[in-house]
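**Student:** dropping a prediction and its sequence here:
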Amino acid sequence: MNPWPFIIGAYAVTILGVVGLSLWSWITMRRAEADAENLRR
Amino acid sequence: MHIFANPARFLKLARPLTLWLGVGGAVLIALGLGSGLFLSPEDYLQGESVRILYVHVPAAWLAMGGWTGIALASLSQLVWKHPLAGVAGRAIALPGAIFTALCLITGSLWGRPTWGTYWEWDGRMTSMLILLFLYVGYIALAEADRERGGEGRVTAIFGLLGAINIPIIRYSVEWWNSLHQGQSISFSGGGSSIDTSMLWPLLASALGFSLLFGAIVLMRMRAILALQKVEARMRRLAA
Amino acid sequence: MKAKHQRLTLLLLAVVAVLGAVLLAMSSLKDQAAYFYAPADVTRKGAPQARTIRIGGMVEERSVRHAGDGVTMDFLVGDETDAVIRVRFKGIVPDLFKEGSGVVAQGRFQPDGLFVADEILAKHDESYMPPEAAGERHKTGSLK
């Protein structure tokens, strides 16, 4: 059985999942911190 | 224990740390996965399929490490009432759940070309699936608690009790006959049954994902703290 | 005793109690939670005869025989003990199915002790190494 589709699938899922999670966490943080900053002014 | 009781002091450290953990993690992951995909040798038995090791094992370690973190945060919330403990627990839950799911998916993709099956109900796979359900339960409890504005005690107790699953996952391959192979790396001495040429990409990748995990947790903690600040201000304005 | 210490003691006691109870239950589940029967289990305690079960172990060296039809094969499954199980399987085996390597077979025991499998899974051990480092080592794999 050719293993490459499985290897590429596993790497793709991992990278997409981790990049997505990082970006989402980053955007949520920036937005929340900006809101908190705006409140002070 | 209370060094970071003051969120302002925590934030002063967390801001630069988020960046450094994120950048360091990304570099190490690129190094580990790049060498895992292109430089490391194939396995004598599994051939190329062994490359899934470099994403599957870090995901598994972080899935279990994440819940260990939740359990420690829960303990320090229940016993010392540390003000950041609940925040830390909630911040770990989602990345922990994602890494558990990644571990299950990559494991399934590894199982097909090697064992000959995507999924079997053996001890290791079943206990890992239970961990995913525990994460989902924890997230639901924490969310319900946040909406009610509670202290999160029930969530913390759940986080502490759920930790029982961690030794079960670890020893599932020793207590029961399982399809999943035993432990390759022993942290309490005994070394590793992984060849050095495969071990170093694995360790680079595992350390990289761990640093990135730390960065994600810090980002989520900062988001929760900022949100709490906004909500507190809103309540004062409304009063 | 300070309230903090009281909480700590109570909580740790509760955790230890629950942990002990669950771990005890888990290890006594040993037989039910086992994914397969090893040859030694079958010889020592017998295996259910009338229903589908899984057996697992190492494919014995030089035991694989292919029948004339090209799809049926017979082989012996052993473990660290002297016990062996005769297995017959008709179909395609995973790439990792090899003599001297791990296997899990699902099927039924026949009255004469032959295990007729309808599914074969390959089980590998926890060592990973390049082919040139393997040499003869892979032939002495273990069950775990």
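**Tutor:** Noted; the coordinates are in hand.

**Student:** part of a helix, is residue C:6?
**Tutor:** Yes: applying DSSP: H, G, I helix; E, B strand; the rest coil, one finds residue C:6 inside a helix.

**Student:** pLDDT averaged over the top helix by length along chain B - what is it?
**Tutor:** In chain B, with assignment by DSSP state H, the single longest helix is helix B:196-238. The average pLDDT within helix B:196-238 is 93.

**Student:** same for it, what does it pack against?
**Tutor:** Judged by 3 or more Cβ pairs under 8 Å, 6 or more residues apart in numbering or on different chains; DSSP states H and E, the packing partners of helix B:196-238 are helix A:4-40, helix B:7-34, helix B:53-79, helix B:85-114. All C-beta atoms are positioned from the backbone trio N, CA, C, and that covers glycine.

**Student:** please see if the longest one touches chain B.
**Tutor:** When you say that, I think you mean helix A:4-40. Yes: part of helix A:4-40 sits near chain B under the criterion Cβ under 8 Å from any Cβ of the partner chain, namely A:4, A:6-7, A:9-11, A:13-15, A:17-18, A:21-22, A:25-26, A:28-29, A:31-33, A:35-36, A:39.

**Student:** now, of those residues, which are buried?
**Tutor:** Neighbour-count burial (16 or more other Cβ atoms under 10 Å in any protein chain shown) is assigned, among the residues of helix A:4-40 next to chain B, to A:6-7, A:9-11, A:13-14, A:17-18, A:21-22, A:25-26, A:28-29, A:32-33, A:36.

**Student:** can you list the weak-confidence ranges in chain C?
**Tutor:** Chain C contains residues with pLDDT under 70 at C:1, C:30-32, C:135-144.

**Student:** now do the helices in it.
**Tutor:** Taking DSSP H, the helices of chain C run over residues C:3-28, C:30-33, C:39-45, C:131-134.

**Student:** extract the CA atoms of stretch B:154-169 and return them as PDB.
**Tutor:** Extracted C-alpha coordinates of stretch B:154-169, given in PDB (Å, rounded to 0.1, in the frame of the first residue of the first chain):
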ATOM      1  CA  VAL B 154     -17.600  22.300  39.500                       C
ATOM      2  CA  THR B 155     -15.400  22.800  36.400                       C
ATOM      3  CA  ALA B 156     -12.300  22.500  38.600                       C
ATOM      4  CA  ILE B 157     -13.500  19.400  40.300                       C
ATOM      5  CA  PHE B 158     -14.200  17.900  36.900                       C
ATOM      6  CA  GLY B 159     -10.700  18.900  35.700                       C
ATOM      7  CA  LEU B 160      -9.100  17.200  38.800                       C
ATOM      8  CA  LEU B 161     -11.200  14.000  38.600                       C
ATOM      9  CA  GLY B 162     -10.700  13.700  34.800                       C
ATOM     10  CA  ALA B 163      -6.900  13.400  35.400                       C
ATOM     11  CA  ILE B 164      -7.600   9.700  36.400                       C
ATOM     12  CA  ASN B 165      -7.700   9.000  32.700                       C
ATOM     13  CA  ILE B 166      -4.100  10.100  32.200                       C
ATOM     14  CA  PRO B 167      -2.400   7.100  33.900                       C
ATOM     15  CA  ILE B 168      -5.000   4.800  32.200                       C
ATOM     16  CA  ILE B 169      -3.900   6.100  28.800                       C
END
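
**Student:** what does chain C have sitting close to chain A?
**Tutor:** Within chain C, the positions near chain A by Cβ under 8 Å from any Cβ are C:94, C:95.

**Student:** beta-bridge partners for the residue most central in space within chain C, please?
**Tutor:** Nearest to the geometric centre of chain C sits residue C:56, at 4.1 Å (Cα atoms, centre = their mean). Beta-bridge partners for residue C:56, by DSSP bridges, are residue C:104.

**Student:** residue contacts, it?
**Tutor:** B:177, B:179, C:35-38, C:77, C:102-105, C:123, C:143 (Cβ atoms under 8 Å, 6 or more residues apart in numbering or on different chains).

**Student:** and it, how far from residue B:119?
**Tutor:** Plainly put, residue C:56 is 17 Å away from residue B:119 if you go by Cβ to Cβ, to the nearest Å.

**Student:** go on, residue B:31?
**Tutor:** Distance from residue B:31 to residue B:119, by Cβ to Cβ: 32 Å.

**Student:** who's more crowded, the two?
**Tutor:** More crowded of residue B:31 and residue B:119, by other Cβ atoms under 10 Å in any protein chain shown: residue B:31, with 17 against 14.

**Student:** so that one makes contact with residue B:207?
**Tutor:** No: the pair residue B:31 / residue B:207 is not scored as a contact, 9.7 Å apart, by Cβ atoms under 8 Å.

**Student:** out of the helices and strands packed on helix B:196-238, flag the one nearest residue C:17.
**Tutor:** helix B:53-79 (15.3 Å; Cβ to Cβ).
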